[in-house]
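> Got a sequence here, can you build the structure:
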Amino acid sequence: ALYNAGILYGRLDRPEDSEAYLKKAIELRPDYVQARLQLGLVYQELQKYSEAESEFRAVVRLTPEGREATVAKVRLGIIKEEEAFISHMKEAFRLMKAEDFVGAKEELETVVAIAPKNYIAHFQIGSILARMDRIDDAIDAMRRAVEIKPDYAIAHLYLGQLYEKEEMTKDARNAYRRASSFGAGTREGEMADVAVRRLRNWRISGSMGHTMDSNISYGAKRRTGVSTGHGLNLSYNIYTTREKGFSVSTSVNRSLTYESQLSSLSYKGNMRWYHQIRPVQSYDISGGYTYSTFEMKPSYQSYSYSVSTSLRPNTIPTTLSISYSFSDTSSFVNKGSDARQHTLSLSLSQSLSLLDSLSGSYSFSSYITKDLRGSNYANRSNNLSVRYSRRIKPGLSASAGYSIGLTNYSNPDSTTFFTEFRRNISHSISSSISYALSENVSFSMDFSSSNVTTNLKRPTAEEQQKLEDILVAPIPTVGGGYRKETASMSISVAF
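You can find the predicted model right below:
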């Protein structure tokens with residue numbers, strides 16, 4: 001009767017009562033194999049693994065062969081694995097509550113190694129990666145969770161939010177609809193219903209920034225300038241999924257220098273197509289047009305085109321990309337500024353941990369003036385940069401970088417009466433910090449310091465006067481040595 005009561009309470013999902021009755025049955029009859037096996041199963045359900053192991057071993061000792069012994073042996077084979085699984089899951093949730101996301105992710109990865117089809121672990125890994133702004137990796141983890149459990153509504157909801165953040169509107173809409181269907185009548189289903197109704201293919205964003213810089217050239221006194229800028233951008237996703245998409249955007253930007261009260265206004269339009277050929281490779285093609293005015297008068301127009309391909313092996317390096325860009329600029333003021341520019345660049349990044357990453361790039365650029373009579377501006381340059389970034393906490397990140405540039409000017413320099421070529425070397429250090437005040441509002445601060453040296457000496461007063469007498473245009477200041485420090489802060493809002 002005690003054994004039967006223990007079985008009954010077990011079926012009623014009352015394991016504590018089942019434990020009590022089964023223990024009494026064993027006290028009356030220590031060799032009661034069926035009661036010991038059932039008690040072991042109850043202990044395992046209650047996550048009392050050492051007690052469960054003791055009961056299963058007692059069953060094998062009392063009856064080495066038979067159905068009960070077979071069940072006990074199987075349970076002994078998996079009990080350590082299950083104990084480790086539960087232990088790691090508990091520790092992961094404790095660390096997430098303490099906001100130790102690095103440790104939590106490591107615990108969850110251990111869970112996945114033990115139980116590769118544990119969809120909850122994959123979901124939690126995805127949520128951690130999303131909080132650390134590792135959106136591509138977060139999408140992969142969420143997709144794995146819904147592959148294992150297709151009706152996992154909350155994972156579909158989070159997946160839709162990630163797609164929406166990346167402006168993959170078609171994928172976002174499909175994910176929200178699946179969350180609504182699988183989560184009908186639940187909070188997740190209601191949230192998905194609201195999300196799919198407010199989802200749109202367009203986005204408006206605005207930005208405002210202030211910049212303060214000092215420029216010391218040719219031994220002159222330090223001069224500090226302050227300027228402000230405002231921008232408004234509208235983007236429309238004509239067709240966007242994770243695998244491919246086509247979008248257009250337009251923007252208006254205005255800048256004002258306080259000391260001189262001079263202002264400029266630019267209008268930009270851009271089209272972009274991207275295609276993910278396979279999970280680790282994609283390419284991107286874009287084209288744009290810029291029309292700029294200075295003091296409300298036409299200044300220049302520019303056409304630009306670029307193509308790039310990216311690899312994401314997620315090993316060493318984490319990402320690798322090669323790009324080529326071309327721009328054609330025509331000035332409405334000075335035809336000597338008309339130019340074409342070709343740039344080829346290689347960049348890579350390496351994730352050092354969940355919080356840290358290191359990136360670097362190399363680029364070669366050729367700036368060609370259209371007027372063959374030339375100016376001081378035509379040049380070829382090589383640039384190398386490296387940058388370290390760290391996620392301090394969700395929403396807050398900082399970075400620091402260094403770059404070196406080597407510029408060879410193509411035409412003889414006017415300050416040497418067209419007898420020598422200028423060669424510049426630039427060194428720059430920079431740092432930035434950004435903070436997401438909310439999902440749609442972000443704030444950033446940037447600082448940079450540049451030092452440019454040149455192989456040519458500064459013209460003497462007599463030489464400069466002579467140049468001004470024989471040259472029709474003013475002496476170009478491009479190419480000279482200088483030091484410059486820049487500090488800026490900006491805030492952007494998206495709707």
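> Where do the helices of this protein begin and end?
Counting by DSSP state H, the segments of the chain that form helices are 2-11, 15-28, 33-45, 49-62, 67-97, 101-114, 119-131, 135-148, 153-165, 169-182, 187-198, 461-470.
> Pull the number of nearby residues for Leu344.
Leu344 has 13 neighbours, counted by other CB atoms under 10 Å. Where you see a C-beta, it was placed from the backbone N, CA and C, and this is true even at glycine.
> between the helices of the chain, which one is nearest to Glu295?
Closest to Glu295 of these, according to CB to CB: helix 461-470, at 24.5 Å.
> So for that closest one, what gets flagged as buried?
Leu467 (16 or more other CB atoms under 10 Å).
> repeat for stretch 423-441
For stretch 423-441, burial by neighbour count (16+ other CB under 10 Å) applies to 423-424, 426, 428, 430, 432-434.
> What does Leu355 show for phi and psi?
Phi and psi for Leu355, reported as degrees, to the nearest 10, are phi -100, psi -20.
> quick one: the residue nearest to it when sequence neighbours are not counted and Thr241, what's the gap?
Nearest residue to Leu355 in three dimensions, chain neighbours excluded: Arg391, at 4.6 Å (CB to CB, 6 or more residues apart in numbering). Remark: distance between Arg391 and Thr241 (CB to CB, to the nearest Å) = 27 Å.
> Next: Glu164.
Note on Glu164: its distance to Thr241, by CB to CB, is 12 Å.
> again, but for Ser366
Between Ser366 and Thr241 the computed distance is 36 Å (CB to CB).
> sorry, back to before: in terms of neighbours, single out the busier of Glu164 and Thr241.
Each of Glu164 and Thr241 has its neighbours counted (other CB under 10 Å); Glu164 has more, 20 against 15.
> Apart from its neighbours in sequence, what residue is nearest the more buried one?
Nearest residue to Glu164, sequence neighbours excluded (CB to CB, 6+ apart): Ala172, at 4.2 Å.
> Tell me, how many residues neighbour Asp413?
Counted with other CB under 10 Å, residues neighbouring Asp413 total 22.
> Which residue is the nearest non-sequential neighbour of it?
With sequence-adjacent residues excluded and distances taken as CB to CB, 6+ apart, Asp413 is closest to Arg422, at 4.6 Å.
> so the one you found makes contact with Tyr409?
Yes: under the criterion of CB atoms under 8 Å, Arg422 makes contact with Tyr409 at 4.4 Å.
> Can you pull the poorly scored residue ranges out of the stretch 351-495 of the chain?
Applying pLDDT under 70 to the stretch 351-495 of the chain flags the ranges 372-376, 468, 470-480.
> Just give the closest residue to Gln382, not the sequence neighbours.
I think there's a mix-up here, since residue 382 is Asn and not Gln. Spatially, and ignoring its direct neighbours in sequence, Asn382 is nearest to Leu406 (4.7 Å; CB to CB, 6+ apart).
> Show me the beta-bridge partners of the one you found.
Leu406 has these beta-bridge partners by DSSP bridges: Asn382, Ile425.
> which residues does it contact?
Leu406 makes contacts with 381-383, 423-425, as judged by CB atoms under 8 Å, 6 or more residues apart in numbering.
> and the residues you listed, which two are the farthest apart?
Farthest pair in the contacts of Leu406, by CB to CB: Asn383 and Arg423, 14.5 Å.
> Now the helix or strand of the chain with the lowest mean pLDDT - C-alpha only, CSV.
Here the helix or strand of the chain ranked lowest by mean pLDDT, DSSP states H and E is helix 461-470, holding a mean of 72. The C-alpha trace of helix 461-470 is given here as CSV (Å, rounded to 0.1, in the frame of the first residue of the first chain):
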residue,chain,number,x,y,z
ALA,A,461,58.1,85.5,-46.3
GLU,A,462,60.0,86.6,-49.4
GLU,A,463,59.3,83.3,-51.2
GLN,A,464,55.6,83.4,-50.3
GLN,A,465,55.3,86.9,-51.6
LYS,A,466,57.1,86.0,-54.8
LEU,A,467,54.7,83.0,-55.2
GLU,A,468,51.7,85.2,-54.7
ASP,A,469,53.0,87.6,-57.4
ILE,A,470,53.4,84.9,-60.1
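> centre of the chain versus that helix, how much separation?
Relative to its chain's centre, helix 461-470 lies at 52 Å (CA atoms, centre = their mean, to the nearest Å).
> same thing with stretch 239-258?
Put simply, stretch 239-258 sits 18 Å off its chain's centre (CA atoms, centre = their mean).
> what comes up buried for it?
By 16+ other CB under 10 Å, the buried positions in stretch 239-258 come out as 240, 242, 245, 247, 249, 251, 253, 255.
> which of the residues you listed lies closest to Thr211?
Thr211 has its nearest neighbour among the buried residues of stretch 239-258 in Ser255, at 8.6 Å by CB to CB.
> So for the closest one, what's the pLDDT?
For Ser255, the pLDDT comes out at 92.
> picking that back up, for the residue nearest to Leu355, grab the count of nearby residues.
Count around Arg391 with other CB under 10 Å applied: 21.
> That one contacts Ser351, doesn't it?
No: the pair Arg391 / Ser351 is not scored as a contact, 10.7 Å apart, by CB under 8 Å.
> which stretches of the stretch 151-300 of the chain aren't confidently modelled?
Applying pLDDT under 70 to the stretch 151-300 of the chain flags residues 215-223.
> Now do the strands in it.
Secondary structure of the stretch 151-300 of the chain by DSSP state E, counting those that start in this stretch: the strands cover 202-217, 224-240, 244-257, 262-278, 281-294, 297-311.
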